[in-house]
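[1] Show me the folded form of this:
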Amino acid sequence: SAIISNPNTLAAFQMMHYELGPIMKAFAASTKVLRAGALVNPMYWIKQLIRDPIHASLVADSGIITPFHALGDYIKVLRNDSPEGRILASRGVIGPVDSTVDIHEFLKTAGSERRDPSKLNKLINKVMKMHEASDAATRVSIYKKQYKEAKKRGMSEDQAINFAVHKARESINFAARGNSPTLNAIRHMIPFVSAQITSLDSVY
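    Predicted coordinates for the structure are as follows:
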């Protein structure tokens, strides 16, 4: 046990990865295939645009967010016409987030999508952008509501942006993964279990 006074230190421990053995790596590979199959399904995107606003309205203390809010922001993010989306992306709140990718794997692939991609890779990239937009839509809606709320409270521009970013991130924070080796193994074996655990943590 340890007493940690700095919340950034705690966050670093919550985001840490454990090394996987060869058997777990095989499980992780099959899990990624299943996840990818779900993420490219348009029905999954529609489900997100309905489920995420309800979750946010109930547990995120963000005001009422409806699927109509999320749909409007989904279209804006997809068209790259959302300044709020760009702020959240620059802060790492939205974008391609995968809790099963460790830093070594990330560094191997970082920037590879810009090196003369094939037509198939371009198509996959477009489809994944549509998924990322559906994942981002509700957070953008939360950001906009909380930014207005912060300005009403008399916060400065920087304070209002930081407050709204914080509220959008904490609506369901996928970066907080805990430091349990057992949960880490389960996360690599069962698709979307990390999202379920994080959702329950937000409810708690």
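
[2] Spell out the residue ranges of the helices in this protein.
    For the chain, the helices defined by DSSP state H occupy 7-14, 22-39, 42-59, 67-78, 83-90, 103-109, 119-152, 157-170, 181-189, 193-203.

[3] Can you add distance to Ser1, mean neighbour count and mean pLDDT and give the ones you listed back as JSON lines?
    Glycine gets a C-beta too; all of them are placed from N, C-alpha and C. Formatted as JSON lines, these follow (distance: least, C-beta to C-beta, whole Å; neighbours: other C-beta atoms under 10 Å; pLDDT from 0 to 100):
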{"stretch": "helix 7-14", "distance to Ser1": "12", "mean neighbour count": "11", "mean pLDDT": "70"}
{"stretch": "helix 22-39", "distance to Ser1": "27", "mean neighbour count": "13", "mean pLDDT": "77"}
{"stretch": "helix 42-59", "distance to Ser1": "29", "mean neighbour count": "17", "mean pLDDT": "88"}
{"stretch": "helix 67-78", "distance to Ser1": "41", "mean neighbour count": "20", "mean pLDDT": "93"}
{"stretch": "helix 83-90", "distance to Ser1": "35", "mean neighbour count": "18", "mean pLDDT": "92"}
{"stretch": "helix 103-109", "distance to Ser1": "26", "mean neighbour count": "10", "mean pLDDT": "64"}
{"stretch": "helix 119-152", "distance to Ser1": "34", "mean neighbour count": "19", "mean pLDDT": "87"}
{"stretch": "helix 157-170", "distance to Ser1": "25", "mean neighbour count": "18", "mean pLDDT": "91"}
{"stretch": "helix 181-189", "distance to Ser1": "17", "mean neighbour count": "16", "mean pLDDT": "79"}
{"stretch": "helix 193-203", "distance to Ser1": "21", "mean neighbour count": "15", "mean pLDDT": "79"}
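
[4] Could you point out which of those helices sits nearest Pro96?
    When these are compared by C-beta to C-beta, helix 119-152 sits nearest Pro96, at 6.1 Å.

[5] by how many degrees do that closest one and helix 42-59 diverge?
    Between helix 119-152 and helix 42-59, the angle comes out at 20 degrees (axes from the mean of the first three to the mean of the last three C-alpha atoms, to 10 degrees).

[6] any idea how far helix 119-152 is from the chain center?
    Chain-centre distance of helix 119-152: 9 Å, with C-alpha atoms, centre = their mean, to the nearest Å.
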